[in-house]
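Peer 1: missing the sequence, but the structure's below:
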Ligand SMILES: CC(C)(COP(=O)(O)OP(=O)(O)OC[C@H]1O[C@@H](n2cnc3c(N)ncnc32)[C@H](O)[C@@H]1OP(=O)(O)O)[C@@H](O)C(=O)NCCC(=O)NCCS
């Protein structure tokens, strides 16, 4: 590994981000949604409703993290009302356990904080939970969902 570059994603990174997303969804070989994914990532990056960070090892994207930005009603502890939903957290297997995921997320969160986004939400996989705890995330008690 050369020096790992942690940076915001460019539109040229979208195919690799989609590949990671499909692996995360257990649909690596399913191409039926490729255009839908591509439209989503292109338009959301363009209108800044999505922020994506990647770890770039000499031109190869080895990890990603996405933040969907959303403005909720202001709260006293969050006057901007801005929250980010974190998703698509992925490091390719041969690069895991080297601190890349943690560093990438840490840098992205620092950058969001500078923009006034100080509340991050996520759903965790079992494997990723220790990483999120180390990064300071706290498990919520009253989280509920409804799928209709
Ligand atoms: C979760 C994931 C992104 C971590 O990426 P990474 O680059 O390996 O992260 P780090 O090296 O910073 O590891 C951070 C911590 O996560 C935990 N962790 C990472 N991989 C682990 C594994 N295979 N088993 C147990 N704990 C693990 C450890 O606590 C680790 O710290 P340590 O190595 O000091 O013990 C990566 O394992 C992955 O892509 N997993 C599959 C997809 C996934 O679960 N994504 C999260 C969706 S919410």
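Peer 2: In hand now; what should we look at? This one's a predicted model, so the numbers in the text were calculated from it and none came from an experiment.

Peer 1: Write out the residues of the protein neighbouring the ligand.
Peer 2: 24, 63, 89-91, 96-102, 124-125, 127-128, 130-131 (C-beta under 6 Å from any ligand atom). Every residue, glycine included, has its C-beta placed from N, CA and C.

Peer 1: ok, now with 8 Å
Peer 2: Applying C-beta under 8 Å from any ligand atom, we find that the chain lies next to the ligand at 23-24, 55, 63, 86-93, 95-105, 122-132, 134.

Peer 1: Just the buried ones out of those, please.
Peer 2: Buried subset of these (neighbour count, 16 or more other C-beta atoms under 10 Å): 55, 63, 86-92, 95, 100-101, 104-105, 122, 128, 131-132.

Peer 1: Which residue, other than its chain neighbours, is closest to the residue of the chain found nearest the ligand?
Peer 2: Closest to the ligand within the chain is residue 101: 2.7 Å, counting by C-beta to the nearest ligand atom. Using C-beta to C-beta, 6 or more residues apart in numbering and skipping the chain neighbours, the partner closest in space to residue 101 is residue 91 (4.7 Å).

Peer 1: pretty sure the one you found contacts residue 63?
Peer 2: Yes - Residue 91 is within contact range of residue 63, at 4.1 Å (criterion: C-beta atoms under 8 Å).

Peer 1: just to revisit the earlier point, counting by contacts, list what the one helix or strand the residue of the chain closest to the ligand maps to packs against.
Peer 2: In this assignment (DSSP states H and E), residue 101 forms part of helix 100-114. If contacts are counted by 3 or more C-beta pairs under 8 Å, 6 or more residues apart in numbering; DSSP states H and E, helix 100-114 sits against strand 5-8, strand 50-57, strand 60-71, strand 82-91, helix 129-134.

Peer 1: Report all helices and strands that the first one contacts.
Peer 2: Using 3+ C-beta pairs under 8 Å, 6+ apart as the contact criterion, the neighbours of strand 5-8 among helices and strands are strand 50-57, helix 100-114.

Peer 1: For that strand, buried residues please.
Peer 2: residue 6.

Peer 1: quick one, what contacts the residue nearest to residue 103 when sequence neighbours are not counted?
Peer 2: Distances taken as C-beta to C-beta, 6+ apart place residue 6 nearest to residue 103, at 6.3 Å, with adjacent residues excluded. Each residue near residue 6 by C-beta atoms under 8 Å, 6 or more residues apart in numbering is listed here: 53, 54, 55, 56, 103, 104, 107, 108.
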